[in-house]
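Engineer: okay, here's the prediction I keep looking at, along with the sequence it came from:
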Amino acid sequence: MTTQIPDLSEQEQLRYISQQAADARVNVEIETEGMTLNLGPQHPATHGTLRIIAKLDGEQVVAAEPVMGYMHRGYEKLAEVRTYPQVTTLVNRIDWVGSFANETPFILAAEKLMEVEAPPRAQYIRTILHEMSRIANVILGIGDMGVQVGAVTPIFFAFRDREYVLNQIEAVTGGRFHPNFDRIGGLKDDLPAGWIQNTKNAMEKVRDFCDQIEELMYGNEIFQARTRGIGIIPKDVGLAYGLSGVNIRGSGVDWDVRRDNMSPGLVYDQVDWKVWTHPDGDSYSRMWVRLQEVREGTKIVDQLLDQIPSGPIMAKVPRIIKVPAGEAYVETENPLGVMGYYVVSKGDLNPYRVKIRSASFNNVSITPWLLKGVYVPDIITILGSLYFILGDIDR
Amino acid sequence: MGLVPGMIKGLGVTAKSAIETIFPDGPLKPPSPSKGAVTIQYPHEKEAPAPRARGVIALQEDNCTACMLCARECPDWCIYIEGHKEKAPPRRAGGKPRQKNKLDRFDIDFALCMYCGICVEVCPFDALFWSPEYEFSEPRIADLLHDKSRLAEWMETVPDFESYESGSEAKVRKVPR
Amino acid sequence: MISILSVEIPYWGQTTFRVLGGLAAVLLPAGALVYIYLFKLMSFVQSRLGPMEAGPAGSLQLLAEVGKAFQKEDIFPRKADKLVFAAAPFVVLMSTFLLILVVPFGPDAWFVNLDTGIFFALAVSSVSVIGILMAGWASASKYSLLGGLRAAGQLIAYELPLVLAVMGVVIQAGTLNMQEIVYAQAEGEIFGISGIGNPFIITQFIGFAIFLIAMQAELTQPPFDMPVAESELVSGYMTEYSGIRFLLFFIGEFATAGVFSMIASVLFLGGWWVPGLDPDSNLFNILGPAVLFGKVMLVTFLIFWFRFTYPRFREDQLQKLAWKVLIPLSLVNIVATGILKVVF
């Protein structure tokens, strides 16, 4: 490698050369061999198969690069050879801990193309289930953060109280993880008797969990020391990388699709709720916003349960669904962030093309920027606070 | 204020949780952790799944006409149906013999099935039902291909449909027994 | 320990007796606290029951685990330094067995009654660092290496507060002999009240707290478990181990917890002695081990309670805690103890 020596007088040149030589000597003396640490694809902290290639200097990260695609299942392509009702069962598997929420935007997009609207009762139940899958998802994320920072108990509390929510989802949809309950023009079935009261009890349990975890984890000084001021995402950088959901609200951007760009078919405008933001943008603020989001979610569910109108749950839709030709994009605020489906139809039984915009893919793509200069333990807490689901990255 | 309170509170949370598990009836009653724990000791006691739970698909063989709707709608094509037409005796004496679809084979490969429930939903003749039964694992994956006699056995475990929440206009269906 | 038996035993018999006694003294508390705290109490905290199938209420689970570990293949990574890799767990376990030597169990029940007992204990406890470094280096794995280096940094940093916390007790008791420290607590008096003796936890409470924190770090229990940090370094220096050698590390971890708690209860809680009884009576040769065991369970309860509750520190935060908080605090404690010792 040749260095361009600037145009200088002889004396300056000599000084410049000697200075460079001195620098080189120092560099040789201090220079240590870097180490490349492969976090994943088989690693306990990446909960799935995300791989992060981290170049380390001691325990400090010099450069980090996420490698995705180890679990790519080709759902966009698979959707092209499935009929519309069959696609919902596939997209359940994208974000597998909050799976009902994956169906909603796809169904809404198909409804938009077909120009049908679900009856109000179906819209309410749909919103309730969407919000319950958010609760089930985010609770797990909070408990998982506990494991990432080394506390064992929060994850068990999370699984314990998430079970009440999942039981309610199972009682109405039949599936704990893969409900496949949303239909074009309504829902598969109506609520079973006693469900409303049981769900209110479950929401009470979730609120108790929030108080418990706040004392156990968020209030803990070690947890705060591990997360406060770590992994700060400034507003503009977050927006530039396309972050969405809690991760951008944790940086102080007051943007929530549920409130700002709600698509018809969901009834978030019928309830009184608040979008939480936090100005700091660090790991702690993201986790704090998550916790408030769970609390807000229980309030939304409670209010909606009181307001459910009576009526049918299915609009008039032909038995064999053919979606008229056209294109539609619908996005909703999913547990992990904004999720959208761009559906192109040519009037067939199958969609011609489906593009899935899943939140985690964008959320994780900020890691090379974010992980520069942090310590190895911080990689884990930052990844935990970004909270991604592998299926949501790779689809 | 500083280091102590948050960490002490955390200790309180774990201690309280342990006491609630060991003494579910209050601290003065004898301890009974098995009651206080939220877990279930599986092979000894069993959890009752929700009536709608999608455990296994049961077949009401008499109702099936081998129309192949379920096999066609299945997203991963795990239902295998074979049938033939046969003449059934006429309803009235002297009438023409009726044509009837007789089911020869109805297999579901539960190793492929992803429990989406589309087959149950599309069945126009009330032949397929969800049962919350979940204990049908096999040591070999090939053994998960269950035939119609096994599917018919599960028909007994199908619970009645629940009544609906107030405000619903849906009609409660009946399980053919 | 031999003198309590009036019969004459040949040398080989004595040796066997000592070896068996040492094994029992190390393994029984370790097994008990793994079952009671790690398996059961931790499960209760998390609203579950823990092992229930092996034996009544799962009490034989530990034996099942040991049996499982014995069956597993002893895997050596291809690039590992075989000899060092194989020897590392034994080095770790050796330090535990060396530690138990100086712990007194009764007026006459001891393995070795060293005049510099506590000094010896603190010295041999550092041997385990070498074992952990050996394991981390010889595994030829990056996770192991990071874990081993973290362990070395951490254990050396916390050796100091550990030693300094003990200094207060040594000044107050006026001896390094562990047996005499027990007698000093049994026969001492506090503000003229001699009924409960003088367990040093009362006068040396700061010392006890520092000792407990430093002990937690020496044992690499959460919140100081960066060397094993399962969510970051997979399993730290133990990542590449399997089967019996992993079991040895596991035993080493919890046996050391038991033995360190023994030392803590000897230093701060009065060891084998209970208030109200004559420390010289022959009764304590039988009762003493049980009393000590009870106190060990008390101390380990604290260790495990912290373990269930707290997340772990980061490497630099841990060092900050040691050098900026614990060491200055323990120095102040020593100075205060010294002044008070001279004044009273």
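Structural biologist: Thanks, I have it.

Engineer: for the record, mean pLDDT for the longest helix seen in chain B?
Structural biologist: With DSSP state H setting the assignment, residue counts place helix B:4-22 as the longest helix in chain B. Average pLDDT, helix B:4-22: 79.

Engineer: is that helix anywhere near chain A?
Structural biologist: Yes: residues of helix B:4-22 are located near chain A by Cβ under 8 Å from any Cβ of the partner chain, namely B:5-7, B:9-10, B:12-14, B:17. Placement of C-beta: from N, CA and C, glycine included.

Engineer: near chain C too, which of those residues?
Structural biologist: Among those, chain C is touched by B:7, B:10, B:13-14, B:17 when using Cβ under 8 Å from any Cβ.

Engineer: tell me what residue B:102 is bridged to.
Structural biologist: Residues in a beta bridge with residue B:102, per DSSP bridges, are residue B:84.

Engineer: distance of residue C:64 relative to residue B:11?
Structural biologist: Remark: distance between residue C:64 and residue B:11 (Cβ to Cβ, to the nearest Å) = 31 Å.

Engineer: quick one: which of these two has more around it?
Structural biologist: Taking other Cβ atoms under 10 Å in any protein chain shown, residue C:64 and residue B:11 do not tie; residue B:11 has more neighbours (17 against 14).

Engineer: I'd assumed residue C:305 was in contact with that one.
Structural biologist: Yes: taking Cβ atoms under 8 Å as the definition, residue B:11 is a contact partner of residue C:305 at 6.3 Å.

Engineer: pLDDT weak spots in chain B?
Structural biologist: In the predicted model, chain B carries pLDDT under 70 at residues B:1-4.

Engineer: so which residues on it come close to chain C?
Structural biologist: B:7, B:10-11, B:13-15, B:17-18, B:20-22, B:33-34, B:36-39, B:41.

Engineer: out of those residues, which are buried?
Structural biologist: Burial by neighbour count, 16 or more other Cβ atoms under 10 Å in any protein chain shown: within these this picks out B:7, B:10-11, B:13-14, B:17-18, B:20-22, B:33-34, B:36-37, B:39.

Engineer: out of those residues, what pair is the most spread apart?
Structural biologist: B:7 and B:34 (31.2 Å; Cβ to Cβ).

Engineer: so what's residue A:130 up against?
Structural biologist: Applying Cβ atoms under 8 Å, 6 or more residues apart in numbering or on different chains to residue A:130 gives the contacts A:100-101, A:104, A:266, A:332.

Engineer: which positions in chain B make contact with chain A?
Structural biologist: Residues of chain B lying close to chain A by Cβ under 8 Å from any Cβ are B:2-3, B:5-7, B:9-10, B:12-14, B:17, B:38, B:49-54, B:73, B:75, B:114-118, B:121, B:130, B:162-170.

Engineer: what about the strands in chain B?
Structural biologist: B:56-59, B:79-88, B:98-109, B:128-131, B:145-146 (DSSP state E).

Engineer: okay if I get those strands as a markdown table plus distance to residue A:63 and mean neighbour count?
Structural biologist: Shown next, in a markdown table, are these (distance: least, Cβ to Cβ, whole Å; neighbours: other Cβ atoms under 10 Å in any protein chain shown):
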| stretch | distance to residue A:63 | mean neighbour count |
| --- | --- | --- |
| strand B:56-59 | 51 | 23 |
| strand B:79-88 | 51 | 14 |
| strand B:98-109 | 47 | 15 |
| strand B:128-131 | 51 | 23 |
| strand B:145-146 | 51 | 18 |
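
Engineer: can you give me the helices for the stretch 1-150 of chain C?
Structural biologist: In the stretch 1-150 of chain C, the segments counted as helices under DSSP state H, counting those that start in this stretch are C:11-33, C:42-45, C:61-71, C:82-100, C:117-125, C:127-138, C:142-173.

Engineer: run the chain-centre distance for the last one.
Structural biologist: Think helix C:142-173. Relative to its chain's centre, helix C:142-173 lies at 12 Å (Cα atoms, centre = their mean, to the nearest Å).

Engineer: same question for the fourth one.
Structural biologist: Taking Cα atoms, centre = their mean, one finds the center of helix C:82-100 at 15 Å from the center of the full chain.

Engineer: cool, the fifth one as well?
Structural biologist: Averaging C-alpha coordinates over helix C:117-125 and over its chain gives two centres that are 12 Å apart (Cα atoms, centre = their mean).

Engineer: now it: buried residues?
Structural biologist: Buried residues in helix C:117-125, defined by neighbour count with 16+ other Cβ under 10 Å: C:117-122, C:124-125.

Engineer: and for the third one?
Structural biologist: For helix C:61-71, burial by neighbour count (16+ other Cβ under 10 Å) applies to C:61-62, C:65, C:69.

Engineer: is chain B within reach of stretch C:25-34?
Structural biologist: No: judged by Cβ under 8 Å from any Cβ, stretch C:25-34 stays clear of chain B, getting no closer than 15.6 Å.

Engineer: now the helices for chain B?
Structural biologist: So, for chain B - with DSSP H - the helices run B:4-22, B:33-36, B:69-73, B:118-122, B:148-153.

Engineer: from residue B:70, how far out is residue B:96?
Structural biologist: Distance from residue B:96 to residue B:70, counting by Cβ to Cβ: 30 Å.
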